[in-house]
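# A structural model of the following input is requested.
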Amino acid sequence: MGRRPGRELELELELESNKVNRTTSLNLEAVAMCQKASLSVVVLSLCFLAEARAGIPQPSVILYGGITIEEVPVTAEDDVTVVAHVDGVVDPIGSYTMGDDPAAGDLYVLQVRVESLADGGIKTGAEIGDTVWIHVQYDTSDRRAAEVVITDRGMLIPLDLEVSACPPSSQPAPERLDLEFAPVSQKIRYLSFTAGDTGQSQAVRMTFTNMPSPYDTWNGVQLWVQEPQEYCENAGVAQDDPCPDAVGGLPSTGFWGADLGCDPYFTDWTLYDTVHVWNEGIVPDATYDIQVVDETCSLAAEEDYSPALPMTQSAWSDLISNCTTTPCGPPDGSTGIVDVTAVLDKWKNLPGNVQKVRADIEGSPAGDHRVPDQAINITDVTYCLGAFLGDTYPAPGFPAPSDPPLCGP
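Below is the predicted model of the structure:
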């Protein structure tokens, strides 16, 4: 391994830390001189601007130790890089590639940038109290290996990093109706599935694979299912605690619903029952891929994801085939008076009606029609009637589609 005695390395790192501290002191002195010097108003303003925008540098925190990847020790000859990230800063706030410092041997030595940020300043480093995420990059993988809370400036922290093998994630499963042949519960504005492996912290990613016009600009977009919340089945109430009973003796049992966002939400998804996902971009006749990835795996490595579950939405306002069964039958490929009646019955909370997530096809009259609102309004009924009369999606009165979401740097 060629590792040097711990105390010898610590002394070297302490010297390096002292160098950083001296540099920081010089930087602070330079700022002070800039403030006190008899400069023109313009130059003095530039000094204050630079200080406010970049923050005041503080003595760096230095992390060091060995790395093992899938139980194999990493050496100075390996193409492995350790980087530090903090929330609010796009670029790494520290980076070390194995072998950068020959004196470190088979150890990494990561200098983490620390700063004191003035109000309105642009964050470029960690502040006291921040959690710093340590990632190990190798091959095509970028794996989170540790987290460190910055409790003081100029700390010297020994920290060995262990990267285990990426555990496999199971393919999600679609919600199925409790009917003969268990057909998939196809919907118009929601995607419904179960996901996850017991005891694993995972995230669920949705890829927009085949979008109809005018949402075809969303093709290729990837978003993450956010934290599920519980919603009421009663047609007129989105959320309440407890949920009110539905009219006609129906149970008030709620359902798990979630929106989509740019950041992954990691949890044990088996703790939830079926999750129903909505978003402006979940539209009729569109196709999506749903995949799961473990928190210890690389989000950038496609091979770390589960097999995709492809799901296609039903046509605009095509809710059911009939309601002679319980639950109502799956969509039948056309919008008829039976679909309009199903939404109307749900709005009235009548016995034997459809799930709310099958009847909720738009937002509230006072809100954004493009985004389902987890309630059944008279506008759900009138838009379904409009589809029966020939309206296509987006229906008259809907705002123009939003631009595709831009996530990441």
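# check which helix or strand the closest residue to residue 308 other than its chain neighbours maps to.
With sequence-adjacent residues excluded and distances taken as C-beta to C-beta, 6 or more residues apart in numbering, residue 308 is closest to residue 289, at 3.9 Å. The way it works is simple: take the backbone N, C-alpha and C, and place the C-beta from them, glycine included. Counting by DSSP states H and E, the element that carries residue 289 is strand 287-294.
# helices of this structure, start to end?
Remark: helices assigned in the chain by DSSP state H are 6-36, 41-54, 337-347, 356-359, 378-388.
# let's test this: mean pLDDT of the longest one, rounded?
What that stands for is helix 6-36. On average, the pLDDT along helix 6-36 is 47.
# check the third one too.
For helix 337-347, the mean pLDDT works out to 95.
# that one packs against which elements?
Contacts of helix 337-347 with other secondary structure elements, assessed using 3 or more C-beta pairs under 8 Å, 6 or more residues apart in numbering; DSSP states H and E, are made with helix 356-359, helix 378-388.
# for the last one, what is the distance to the chain centroid?
Right, helix 378-388. The chain centroid and the centroid of helix 378-388 are separated by 33 Å under C-alpha atoms, centre = their mean, to the nearest Å.
# so that helix versus helix 337-347, what angle?
Angular relation of helix 378-388 and helix 337-347 on a 0 to 180 degree scale: 180 degrees, by axes from the mean of the first three to the mean of the last three C-alpha atoms, to 10 degrees.
# just the C-alphas of stretch 134-141, formatted as PDB.
C-alpha atoms of stretch 134-141 as PDB (Å, rounded to 0.1, in the frame of the first residue of the first chain):
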ATOM      1  CA  ILE A 134     -18.000  13.500  -0.300                       C
ATOM      2  CA  HIS A 135     -18.200  11.700  -3.700                       C
ATOM      3  CA  VAL A 136     -15.800   9.200  -5.200                       C
ATOM      4  CA  GLN A 137     -15.500   9.200  -9.000                       C
ATOM      5  CA  TYR A 138     -14.100   6.300 -11.000                       C
ATOM      6  CA  ASP A 139     -14.800   4.800 -14.400                       C
ATOM      7  CA  THR A 140     -18.300   6.100 -15.200                       C
ATOM      8  CA  SER A 141     -19.500   6.200 -11.600                       C
END
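# can you point out the buried residues in that stretch?
With burial defined by 16 or more other C-beta atoms under 10 Å, the residues of stretch 134-141 counted as buried are 134, 135, 136, 137, 138, 141.
# make TSV out of the residues you listed and add pLDDT and distance to residue 88.
Converted to TSV, these look like this (pLDDT from 0 to 100; distance: C-beta to C-beta, whole Å):
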residue	pLDDT	distance to residue 88
134	96	17
135	93	16
136	94	22
137	93	21
138	91	26
141	84	24
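# where does the chain dip in pLDDT?
Low-confidence regions of the chain, defined by pLDDT under 70, span residues 1-54, 245-252, 365, 408-409.
# closest to residue 85 among the buried residues of stretch 134-141?
The shortest separation between residue 85 and any of these is 6.5 Å, and it belongs to residue 135 (by C-beta to C-beta).
# just checking: what are the partner strands of the strand holding residue 289?
Neighbouring strands of strand 287-294 in its sheet, by DSSP bridges, are strand 202-210 (antiparallel), strand 309-312 (antiparallel).
# among the ones you listed, show me which one is buried the most.
Of all these, strand 202-210 has the most neighbours on average by mean count of other C-beta atoms under 10 Å, namely a mean of 22.
# how distant is it from the center of its chain?
For strand 202-210, the distance between its averaged C-alpha position and the chain's averaged C-alpha position is 10 Å (C-alpha atoms, centre = their mean).
# equivalent analysis for stretch 354-364, please.
Per C-alpha atoms, centre = their mean, the centroid offset for stretch 354-364 relative to its chain is 25 Å.
# one more: stretch 200-215?
Average the C-alpha atoms of stretch 200-215, do the same for its chain, and the two points are 12 Å apart (C-alpha atoms, centre = their mean).
# with stretch 108-126 instead?
Offset of stretch 108-126 from its chain centre (C-alpha atoms, centre = their mean): 24 Å.
# which residues touch the residue nearest to residue 262 when sequence neighbours are not counted?
Excluding its sequence neighbours, the residue lying closest to residue 262 (C-beta to C-beta, 6+ apart) is residue 407, at 3.6 Å. Applying C-beta atoms under 8 Å, 6 or more residues apart in numbering, we find residue 407 in contact with 222, 223, 262, 263.
# hey, what's the residue lying closest to the first one once chain neighbours are set aside bridged with?
Using C-beta to C-beta, 6+ apart and skipping the chain neighbours, the partner closest in space to residue 222 is residue 207 (5.0 Å). Each beta-bridge partner of residue 207 is listed here: residue 222, residue 289, as defined by DSSP bridges.
# that'll do, ta.
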